[in-house]
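>>> Fold the following, please.
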Amino acid sequence: MTRDTDLADLVTLDLLGLHGSLGSPVIESMNFLNEISSRFPDAVSFAAGRPYEGFFDIEEVHRYLRVYRDHLMAELGEETLVRRTMLQYGRTKGVIHDLVARNLLLDEGIDVDPESIVVTVGCQEALYLTLRALRRDERDALLSVFPCYVGVAGAAALADMP
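Below you'll find the model as predicted:
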C-alpha cells in the first residue's frame, strides 16, 4: 500500500455477494418501528417489542448491580471471582442461568437444569439461535401465524430457513 492508496480503494465489498437476508425488507421494518418509537415517545406501541420507558430508573440499575454483586459474593466467596463474573467475558450461554432456573422453579413449578438454559440479549438473538439449532437441512421450514413478530422472519432468513 502506498501513501496515495486508500484502504477503501483496496477493498471492494460486493453487497450482492453477502447473505441474502441483508437485503430483506423485513430487516428495514424493524428499523422503521424503532424510528417511529423514538419520534413518538409518548405513543404506546407493542410492534417493536420495546419496554415501556416510564419504568426506567437509572438509580435502580445501580441497586440491581449491588444486589447481584452480593449474590455472587455469597455464591463464589471471592471478590476476584465476583469481579471476573461481572466485568469479564463469561459463558457464551449467559451467567445468570442458575437464577433463571431457580425463578422458573419458584414461580412456575418448572424444574430445569440450569445448564440447559441459554440467556440472550433479546428475542431476535434467541430466535436465531433456536432456529439455527433446529435447522438440519433445506427441508426444514418455519411456520408462523401472520401477523407475527417481524423479527422472526429475519431470524429465519439468517438461519437459511424458509
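>>> For the protein, which segments count as helices?
7-10, 25-39, 58-76, 79-87, 97-103, 123-134, 150-158 (DSSP state H).
>>> pLDDT weak spots in the protein?
Along the chain, segments meeting pLDDT under 70 span 1-11, 13, 15, 21-27, 46-49.
>>> Swap in 90 and give it another go.
1-55, 90-94, 121-125, 145-155, 157-158, 160, 162 (pLDDT under 90).
>>> picking up where we left off before, turn the helices of the chain into CSV, columns for distance to L18.
Bear in mind the C-beta positions are built from the backbone N, C-alpha and C, glycine included. As requested, the helices of the chain are exported to CSV (distance: least, C-beta to C-beta, whole Å):
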stretch, distance to L18
helix 7-10, 17
helix 25-39, 12
helix 58-76, 37
helix 79-87, 34
helix 97-103, 34
helix 123-134, 17
helix 150-158, 12
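>>> Would you format those as JSON lines with mean neighbour count and distance to D111 included?
As requested, the helices of the chain are arranged in JSON lines below (neighbours: other C-beta atoms under 10 Å; distance: least, C-beta to C-beta, whole Å):
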{"stretch": "helix 7-10", "mean neighbour count": "8", "distance to D111": "55"}
{"stretch": "helix 25-39", "mean neighbour count": "13", "distance to D111": "35"}
{"stretch": "helix 58-76", "mean neighbour count": "11", "distance to D111": "20"}
{"stretch": "helix 79-87", "mean neighbour count": "13", "distance to D111": "25"}
{"stretch": "helix 97-103", "mean neighbour count": "15", "distance to D111": "8"}
{"stretch": "helix 123-134", "mean neighbour count": "15", "distance to D111": "21"}
{"stretch": "helix 150-158", "mean neighbour count": "21", "distance to D111": "29"}
